[in-house]
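S.K.: Sequence first, predicted coordinates after that:
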Amino acid sequence: MDATTDAARRSAAPPRPHFSDGYKRLVLSLLVSAYTFNFIDRTIIATIGQAIKVDLKISDTQLGLLGGLYFALLYTLLGVPIARLAERFSRVNIIAVAIVIWSAFTALCGTATSFVMLATYRFGVGIGEAGLSPPAHSLISDYFEPKKRASALSIYAFGIPLGTMLGAILGGYLAQNFSWKAAFMVVGVPGVLVAVAIKLLVKEPPRGHSEPMQAPALVEDLTVEEPAKPPATLSAELKEMWAIAKVLFGTWPVLNMVLGITLVSFAGYGGGQFVPPYFNRVFGLNYAQAGLLVGLVGGLSQGIGTLAGGFVTDRLSKASARWYALVPAIGVAIGFPCQMAVYNATSWQAAGLFLLLPGLFAYTYLGPTFGVVQNVFPSRRRATAAAVLLLFVNLIALGGGPPFTGWLIDRFAAIHLAHPDASGIWSALSGLFGTHAPAFQAACPGGIAPKGAGAAAATACKGALELATRHGVMTAYGFYLWGAFHYLLASFGLARALAKARADRGEA
């Protein structure tokens, strides 16, 4: 297309609305609120998990399934078809409906009287939560230009530590003073108010609104006609999915960014699921105390790390786009020894102090990774790209991390119950596949000795579970180093990949 033709096309195109900085901040704050409730409802089970385990007499593997696979399965599988709808229809409407669905199922979790009922409702929570992040990432990319996207997406990702923090504090307080069932009911309802606010206040921007070639022109309430949507056919949808998958998994630096976020998230979801139970089991903190400690200390550091990752990367990337990968690589690598310090502390005060450190460094990976994925795709593929990324990440990390850690804890507990003198993590790892995990569940249902079993049995069950939880969480966080290595690999060629994506879109 020559310069004259391009100029004529632009002059004939409908004028673009102008969204003020204040309005953009309002939109972003509402999306952060939605993501916060998303993570409150998703992760509260970590805080109240010990209460559920004791009440329903389930194993840590089952607890991990409730927090992981049983939520993640439909959450990930439905993300892509919902994203395809978001490429064609109102992203605002999809988000509002999704919030109502997951909030209702979270409240229903409070009515569960068995493991099967609770698992069923957790599937429902996953169905609703699948409708938030892909359209939200797409909206943010249309409201914020490329040089500000990592920062904007890191602010959106701030909903992860904020939701985790509030879920831990509220969940712990409610479980301690009322019940774990009350905790589900209380945190499930307020999300509906956020859904109403988003529906009433957020405008649907034109696709590609903030790309450099498209300068906004008029006032915020201008209605803009978008280009006609091509007919949806199975062939066309498969072609789109293949084109997106080729970029995510066929471009070396982007592939390594995907592998990096997957492995770091596997560690975070897997280890994080059992952090509040760790403080319950090892240091004897009650649910409210553990929730307050983990929520405030861990949530604060994770929030700072999440925001810093985006803003630091946007600043450093002016010199080289490699920093989109190097910031996470460095941060996650530093985060690993910080995590080890937490789980080798001999008092809850020392463990709580060390808990300030991992999030400051490790959580720098979120904004840069999401920013790269949005920046390598054109505007009408961004919701789907986010969904495919989240499908891969969450099916492996969220779906596999908590059950894997629970599986480890169950086996380590059986080892330590049978061999109480073998207290080291290496001796536990060496006997991992030579143990019979159900033996611990049979001897210590719900992690405690049966009534009338005697003081010796109670002490044995308690000691085995304490050691097993420490070793299981430490092993899960070992995946940090693997993820950091992939971020380092991603730094080679990332600048060229981003430049090629801009050129393919016709941007300067």
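M.R.: Cool, got the structure. A quick note: this is a predicted structure, and the numbers were derived from the prediction, not measured.
S.K.: quick one, longest helix in the chain?
M.R.: Assignment by DSSP state H gives helix 21-56 as the longest helix of the chain.
S.K.: Tell me which residues of the following helix or strand past it come out buried.
M.R.: Next helix or strand after helix 21-56 toward the C-terminus (DSSP states H and E): helix 60-67. For helix 60-67, the neighbour count (16 or more other Cβ atoms under 10 Å) marks 60-67 as buried. C-beta coordinates here come from the backbone N, C-alpha and C atoms, glycine included.
S.K.: any idea how far the very next helix or strand once past helix 60-67 is from the chain center?
M.R.: Going down the chain from helix 60-67, the next helix or strand is helix 69-86, by DSSP H and E. The chain centroid and the centroid of helix 69-86 are separated by 14 Å under Cα atoms, centre = their mean, to the nearest Å.
S.K.: oh, and call the first residue 405 from now on, that's how I've got it
M.R.: From this message on, residue numbering opens at 405, which makes the last subject helix 473-490.
S.K.: how about helix 473-490 as PDB, C-alpha atoms only?
M.R.: Presented in PDB, the C-alpha positions along helix 473-490 are these (Å, rounded to 0.1, in the frame of the first residue of the first chain):
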ATOM      1  CA  LEU A 473      -7.200 -29.100  38.900                       C
ATOM      2  CA  TYR A 474     -10.900 -29.100  39.900                       C
ATOM      3  CA  PHE A 475     -10.900 -25.300  39.500                       C
ATOM      4  CA  ALA A 476      -8.400 -25.100  36.600                       C
ATOM      5  CA  LEU A 477      -9.900 -27.700  34.200                       C
ATOM      6  CA  LEU A 478     -12.900 -25.800  33.000                       C
ATOM      7  CA  TYR A 479     -11.300 -22.500  33.700                       C
ATOM      8  CA  THR A 480      -8.600 -23.200  31.100                       C
ATOM      9  CA  LEU A 481     -10.600 -25.200  28.600                       C
ATOM     10  CA  LEU A 482     -13.400 -22.500  28.400                       C
ATOM     11  CA  GLY A 483     -10.900 -19.600  28.200                       C
ATOM     12  CA  VAL A 484     -10.200 -20.000  24.500                       C
ATOM     13  CA  PRO A 485     -13.900 -20.200  23.200                       C
ATOM     14  CA  ILE A 486     -14.800 -17.300  25.500                       C
ATOM     15  CA  ALA A 487     -11.800 -15.300  24.100                       C
ATOM     16  CA  ARG A 488     -13.000 -16.000  20.600                       C
ATOM     17  CA  LEU A 489     -16.300 -14.500  21.500                       C
ATOM     18  CA  ALA A 490     -14.500 -11.500  23.000                       C
END
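S.K.: which residues sit against that helix?
M.R.: Applying Cβ atoms under 8 Å, 6 or more residues apart in numbering, the external contacts of helix 473-490 come out as 446, 498, 502, 523, 526-527, 529-531, 533-535, 537-539, 542, 636, 641, 644-645, 787-788, 790-792, 794-795, 798-799, 802-804, 806-807.
S.K.: Among those, which lie within helices?
M.R.: Those of the contacts of helix 473-490 lying in helices (DSSP H): 446, 498, 502, 523, 526-527, 529-531, 533, 537-539, 542, 641, 644-645, 787-788, 790-792, 794-795, 803-804, 806-807.
S.K.: Any of the residues you listed buried? List them.
M.R.: Buried members of these, counted by 16+ other Cβ under 10 Å: 446, 498, 502, 523, 526-527, 529-531, 533, 537-539, 542, 644-645, 787-788, 790-792, 794-795, 803-804, 806-807.
S.K.: Grab the most central residue of this protein for me.
M.R.: Centroid check for the chain by Cα atoms, centre = their mean gives Ile564 as the closest residue, at 6.3 Å.
S.K.: What sits closest to that one if chain neighbours are left out?
M.R.: Distances taken as Cβ to Cβ, 6 or more residues apart in numbering put Phe443 closest to Ile564, at 5.4 Å, once the chain neighbours are dropped.
S.K.: on that earlier part again, and the residue nearest to the centre of the chain, how far is that from Gly709?
M.R.: Going from Ile564 to Gly709 by Cβ to Cβ, to the nearest Å gives 10 Å.
S.K.: Name all residues that sit in contact with those two at the same time.
M.R.: Common contact partners of Ile564 and Gly709 (Cβ under 8 Å, 6+ apart): Tyr767.
S.K.: pLDDT score assigned to the residue nearest to Ile564?
M.R.: Looking at Phe443, its pLDDT reads 88.
S.K.: which residues touch it?
M.R.: By Cβ under 8 Å, 6+ apart, the contact list for Phe443 reads 563-564, 566-568, 571.
S.K.: now, which of the residues you listed sits nearest Thr773?
M.R.: Ile564 (12.5 Å; Cβ to Cβ).
S.K.: didn't that closest one look like it was pressed against Thr710?
M.R.: Yes - shown here, Ile564 and Thr710 form a contact pair, counting by Cβ atoms under 8 Å, at 6.6 Å.
S.K.: what do these two both touch?
M.R.: 767, 770.
S.K.: What distance do you get for Leu659 to Arg909?
M.R.: 20 Å.
S.K.: which SSE is the residue nearest to the centre of the chain in?
M.R.: Element membership for Ile564 (DSSP H and E) is helix 563-581.
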